[in-house]
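J.: only geometry, no sequence info:
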């Protein structure tokens, strides 16, 4: 993300006046079983999706499903943000969506198994209420229905 003094006056004021939601509590769900016996899913805010999927648009509160067995070469990025440097992700997708690292952990027996599907949202949301109230709970329900024990959240 660029420094404020490197932004135009319009973008600088937009960042300074960005409405941040505040929460009075934080949900907490302690682990119910060892990591080595847990089914793990992943959620990223990098705006990633399969090549044939609909692109993310600015302010898009929807998510894309990425099967956990997808090759990294089949995943593309359509995140929209002025302060988002894509360079590292273009070099190694695992920076924003550590598919290969999770597979390695599963192969080593450090995690029990991998969820069938992972999920990607687009970050840089000016108004995240639809994600909080609709699409986030929808993705969470899908993971719950699959028996996921733990979700790796990858903010980008």
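T.: Perfect, thanks for sending it. Here the structure is a predicted model, which is why all the values come from computation and not from measurement. Numbering: from 1, shown residues only.
J.: does the residue nearest to residue 124 when sequence neighbours are not counted belong to a helix, a strand or coil?
T.: What sits nearest to residue 124 in space, not counting adjacent residues and going by CB to CB, 6 or more residues apart in numbering, is residue 81, at 3.7 Å. To be clear about C-beta, it is placed using only N, CA and C from the backbone, and glycine gets the same treatment. Three-state assignment for residue 81 (DSSP: H, G, I helix; E, B strand; the rest coil): coil.
J.: count of neighbours near residue 81?
T.: The burial metric for residue 81, expressed as a neighbour count using other CB atoms under 10 Å, is 15.
J.: I'd like to know how far it sits from residue 107.
T.: Residue 81 sits 34 Å away from residue 107 when distances are taken as CB to CB, to the nearest Å.
J.: any idea what the spatially most central residue of the chain is bridged to?
T.: Among the residues of the chain, the smallest C-alpha distance to the mean C-alpha position (CA atoms, centre = their mean) belongs to residue 44, namely 1.1 Å. On DSSP bridges, the residues paired with residue 44 through beta bridges are residue 120, residue 154.
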